[in-house]
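Participant: show me how the following folds:
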Amino acid sequence: MAIRRAQLLAVEEAAVRSWPALQRVSIDGWLWRCTSGGSVRANTVATLSFSGADVEAAIDEAERLYAAASAPSRFTISAVSSPSDLDQRLDARGYRHGDDHVTMIKSVPTHAEPTDAAALGAEPTPEWMAVYRSGLTEDRRGVAPRILAGLPRHRMYFACVREGHLASSGMSIADGKFASVQCMATVPGAQRQGAARAVLAAIEAWAASQGCTTLYLQTGVENTAAISLYEACGFELAGRYHTRVLMR
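Facilitator: Residues are numbered from 1 along each chain as shown. So this is what the prediction gives:
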């Protein structure tokens, strides 16, 4: 899918807002984020806008803040990062190329597909939380409830129930014309049985009801099963991003 820079920037900005870190500091337009755990978005510097005059000084400040938090210094780099040579600057400073991710988008359908998934409300149930956390790495499980508690208010949790048990989870945040697809997880015994597709269909219907026109999601490139599912459901590649991690 051909996507204009301005549209990709708008999607990436919505993604930053949709997953706020527990600690946030503005550095000349960048957003320093720190939470602990393994969440990329909650533990890297978002670099979508830079208004300062000294890039190296801004990097120094980010490193100082991470050192004070006893956390590694990490940046997220995409095609819309600012300044445009930030990736090269970080490489020269000893930052290694970290995990690669994709941003995918889809136009919100005007007609909702039938689904056996349902919206649960603006707060997760214990059953939803158990399914979502089951799909996380160990270093993300502990902090996940705290991140969810700080999400933007215009949100909805979704679940697909099969045979009396919650089989798949999802969540969406409506932000202007954009709606996210987040927190997708399916219990092992229900995988490849359409539960995740049902949750996606429920998210699409809710997004349409909120007046959103574009769905977006982000995932790691190694998550090939999820990417295949999203492609089958009509999502297309909009952009790529990766982390830069300081090696000391």
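Participant: the helix or strand L229 falls within packs against which elements?
Facilitator: Assigned by DSSP states H and E, L229 falls within helix 224-232. Helix 224-232 is packed against strand 95-107, helix 195-209, strand 214-220, with contacts defined by 3 or more C-beta pairs under 8 Å, 6 or more residues apart in numbering; DSSP states H and E. All C-beta atoms are positioned from the backbone trio N, CA, C, and that covers glycine.
Participant: any chance of the ones you listed in a markdown table, plus mean pLDDT and mean neighbour count?
Facilitator: Shown next, in a markdown table, are those (pLDDT from 0 to 100; neighbours: other C-beta atoms under 10 Å):
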| stretch | mean pLDDT | mean neighbour count |
| --- | --- | --- |
| strand 95-107 | 97 | 18 |
| helix 195-209 | 96 | 23 |
| strand 214-220 | 97 | 21 |
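Participant: and the ones you listed: which comes nearest R17?
Facilitator: Nearest to R17, of all those, is strand 214-220, at 11.8 Å by C-beta to C-beta.
Participant: for that closest one, C-alpha coordinates in PDB please.
Facilitator: Only the C-alpha atoms of strand 214-220 are listed here, as PDB (Å, rounded to 0.1, in the frame of the first residue of the first chain):
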ATOM      1  CA  THR A 214      -8.600   3.700   9.500                       C
ATOM      2  CA  LEU A 215      -7.500   0.700  11.600                       C
ATOM      3  CA  TYR A 216      -3.900   0.300  12.500                       C
ATOM      4  CA  LEU A 217      -1.700  -2.200  14.400                       C
ATOM      5  CA  GLN A 218       2.000  -2.800  15.100                       C
ATOM      6  CA  THR A 219       3.800  -6.100  15.600                       C
ATOM      7  CA  GLY A 220       7.200  -7.600  15.400                       C
END
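Participant: and V143, how far from G98?
Facilitator: Separation of V143 from G98 (C-beta to C-beta, to the nearest Å): 19 Å.
Participant: ok, back up a step: run the chain-centre distance for the next helix or strand after the helix holding L229.
Facilitator: Remark: after helix 224-232, the chain's next helix or strand is strand 236-246, criterion DSSP H and E. A distance of 11 Å separates the centroid of the chain from that of strand 236-246, by C-alpha atoms, centre = their mean, to the nearest Å.
Participant: give me the angle between strand 236-246 and helix 224-232.
Facilitator: 150 degrees (axes from the mean of the first three to the mean of the last three C-alpha atoms, to 10 degrees).
Participant: can you state the direction angle for the helix holding L229 and helix 195-209?
Facilitator: 50 degrees.
Participant: show me what helix 224-232 is in contact with.
Facilitator: V102, M104, V181, M184, A196, R197, L200, L217, T219, V221 (C-beta atoms under 8 Å, 6 or more residues apart in numbering).
Participant: repeat that for stretch 43-56.
Facilitator: The contact list for stretch 43-56 (C-beta under 8 Å, 6+ apart) reads 9, 12-13, 16, 21, 27-37, 58, 62, 71, 74-78, 80-83, 86, 89, 243.
Participant: can you tell me which of the residues you listed are buried?
Facilitator: 9, 12-13, 16, 21, 27, 30-37, 58, 62, 74-78, 80-82, 86, 243 (16 or more other C-beta atoms under 10 Å).
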